[in-house]
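Just a sequence and a predicted model for now, questions to come.
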Amino acid sequence: MKELRCVGVGKVWPSARGLAVEALRDVTLELADGEFVAIVGPSGCGKSTLLELIAGLEPVSSGHVVADGVPVRGASAERCMLFQEHSLFPWLAVEDNVAFGLAVQGVPRAERRARAREVLQRVHLAPFARHFPHQLSGGMKQRVAIARALVIDPDLLLMDEPFAALDFQTRILMQRFLLEVWEGFGKTILFVTHQIDEAILLADRIYVMSAGPGRIIDHVKIGLPRPRSYTSPEFNEYRVRLTSELEREVLRAYAREEVA
Amino acid sequence: MRPGVTPGPLPVTAPDASTPMARPSWIAPLLAALAPWAAVVLVWELAARHGWISVALFPPPTAFVGYLVEEKFSFGLGRDAMSVHWSIIASFLRVLAGLALGFVAALTAGILISMSRAASLLTLPLVRGLAPIAPIAWIPLGIVLFGLGNPTAVFIVFVGVFFVLTIATVSAVSAVDPRLIKTAKTLGASPRHIWLRVIFPAIIPQVFTMLRLNFFGAWMGVLAAEMVGLRNGLGALIIMGREMFNANLILVGMALIGASGYAVDSLLVFVQRRVLWWRPDAQP
């Protein structure tokens, strides 16, 4: 994939009583090949909805999602999505989870096992190939989920707060791990998070979203060399800027709710 | 390997060898299971010995087990004679055949119904109206339709579990975690793959648990059918005892029904554990 573009994307969810809920309005963004881009925003700002539209899991209500000049219609293994948790198939051993995408392509068992093992080796999970998901820690489960995406070699990894359910120490390890994967496999990553620090640590660029309906209110390029440190003064400048912006947004949304 | 990405320790640990006097883990549960039975038998025997209950009407275990051995595990005369092991096998096969047919048919029907909204709107009211009819209530209709024979017994078990399990399948399908389905889609799975490789394995444990819970109802249905019409099986053994005013035979029948039912239930628990091997919280 050379590029992915969202042009004026909007999403309206129908609701039970016939009142429509506008989740996204006029979202325009673009991703170039090999980029690491993050989206930050408060809970309920439609970040996850945006990822599902890009993945092709849900149709857009207005605008276009275009991958390499072709409008996205339906899900595909080109754009693989990773969720926060509970996305491993609990009845499959680790290597069979990793091989799932190959199995649905009709790759013969021996070959898909071999390819799954190879990726597991590269993400340091080879000793756990025959374990079941319930035997793994939260961080290991997410590494398996990442390996499962890598094995089918997608153009784009869509990550929906993948580390939000992990404790702080594990999250730090997983962030380093993800950067290794990004560099080692040369993937394009779109990473959604509500944690500003995580976005600054990982991404080349950050889109900031506001809630109700979700819109993009800012676009920040992170000009820091990697590896980055949470504690450097430059890091802190970005943190202050993004935090004050989000704080303003959250308070504005809250005030609006109070009125309504 | 870089230090930051060493795999974390496994939460599962090997059974600890630190306790030196480690006993096999099955001894305590076995003793716990046998103790209350021993107490019941003891009180029963004492009551019979002291004449608190009539031995002729309510014989204690030593009496009816002795009777069973004395009769060489076979009861009745001539054409009506039936051996104990054939009675057990007959009842067993009827129940297992009905359960297996009901399970497969209900999974198929439940999945087909779940595939279309129109199908579920049209068929679910029917299924929900038929599900509450107890297996026993189907006996007269079964006899009319299939006569006095094995098909009737299998039919009773089948209808006893089919409708309930169809409802269970439909509800299990709708309860499958949508994230699993979305994940499968973005890994390139087609709708057929999602049904076969995601939804089907995801619902099996829940539907099988319902099968086990409904086994007792089906078992009772078969016994009742054997009492009222079919001339063999464990239920027929009890009726023969009643007709011959033979209290020993009645109690032999009851004891065997309890023991065989327990055995089938244990078999289902065993299968359930195999089916649910990936569930750490699978309860018997």
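Perfect, I can see it now. Residues are numbered from 1 along each chain as shown, chains lettered A, B, ... in the order given.

element containing A:Leu173, please.
Using DSSP states H and E, A:Leu173 maps to helix A:168-185.

Report whether that helix contacts chain B.
Yes: shown here: helix A:168-185 in contact with chain B (Cβ under 8 Å from any Cβ of the partner chain) through A:170, A:173, A:176-177, A:180. Using the backbone N, CA and C atoms, a C-beta is placed for each residue, glycine as well.

From those, pick the one nearest B:Phe58.
A:Thr170 (65.2 Å; Cβ to Cβ).

What's the local residue count around A:Phe83?
Look at A:Phe83: counted by other Cβ atoms under 10 Å in any protein chain shown, it has 24 neighbours.

for A:Pro127, same thing?
Neighbours around A:Pro127, by other Cβ under 10 Å: 12.

I'd like the distance between it and A:Leu120.
Using Cβ to Cβ, to the nearest Å, A:Pro127 is found at 9 Å from A:Leu120.

now B:Ala134
52 Å.

When those two are compared, which one has more neighbours?
More neighbours surround A:Leu120 than the other of B:Ala134 and A:Leu120, with 24 against 14 (other Cβ under 10 Å).

In a strand, A:Leu4, correct?
Yes: under DSSP: H, G, I helix; E, B strand; the rest coil, A:Leu4 sits within a strand.

what's around it, how many residues?
Other residues close to A:Leu4 by other Cβ under 10 Å number 25.

Verify the contact between it and A:Val70 for me.
No: at 10.4 Å, A:Leu4 does not count as touching A:Val70 under the criterion of Cβ atoms under 8 Å.

which phi and psi does A:Gly44 have?
Here is the backbone geometry of A:Gly44 (degrees, to the nearest 10): phi 80, psi 20.

Output stretch A:245-259 as PDB - backbone C-alpha positions only.
Extracted C-alpha coordinates of stretch A:245-259, given in PDB (Å, rounded to 0.1, in the frame of the first residue of the first chain):
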ATOM      1  CA  GLU A 245      -5.800  21.000  23.900                       C
ATOM      2  CA  LEU A 246      -7.500  17.800  25.000                       C
ATOM      3  CA  GLU A 247      -8.400  19.300  28.400                       C
ATOM      4  CA  ARG A 248     -10.100  22.200  26.600                       C
ATOM      5  CA  GLU A 249     -12.000  19.800  24.400                       C
ATOM      6  CA  VAL A 250     -13.100  17.600  27.200                       C
ATOM      7  CA  LEU A 251     -14.400  20.500  29.300                       C
ATOM      8  CA  ARG A 252     -16.200  21.900  26.300                       C
ATOM      9  CA  ALA A 253     -17.900  18.600  25.700                       C
ATOM     10  CA  TYR A 254     -18.800  18.300  29.300                       C
ATOM     11  CA  ALA A 255     -20.300  21.800  29.400                       C
ATOM     12  CA  ARG A 256     -22.400  21.000  26.400                       C
ATOM     13  CA  GLU A 257     -23.700  17.900  28.100                       C
ATOM     14  CA  GLU A 258     -24.600  19.900  31.200                       C
ATOM     15  CA  VAL A 259     -26.700  22.200  29.000                       C
END
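
Which positions within that stretch qualify as buried?
Using 16 or more other Cβ atoms under 10 Å in any protein chain shown as the test for burial, stretch A:245-259 gives A:245-246, A:249-250, A:253.

hmm, back to that, what separates the helix holding A:Leu173 from the chain centre, distance-wise?
13 Å (Cα atoms, centre = their mean, to the nearest Å).

just to revisit the earlier point, distance to A:Ser76, pLDDT and secondary structure added to the buried residues of stretch A:245-259, as JSON lines?
Output for the buried residues of stretch A:245-259, formatted as JSON lines (distance: Cβ to Cβ, whole Å; pLDDT from 0 to 100; DSSP: H, G, I helix; E, B strand; the rest coil):
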{"residue": "A:Glu245", "distance to A:Ser76": "34", "pLDDT": "89", "secondary structure": "helix"}
{"residue": "A:Leu246", "distance to A:Ser76": "33", "pLDDT": "87", "secondary structure": "helix"}
{"residue": "A:Glu249", "distance to A:Ser76": "33", "pLDDT": "82", "secondary structure": "helix"}
{"residue": "A:Val250", "distance to A:Ser76": "35", "pLDDT": "80", "secondary structure": "helix"}
{"residue": "A:Ala253", "distance to A:Ser76": "34", "pLDDT": "76", "secondary structure": "helix"}
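
That'll do, ta.
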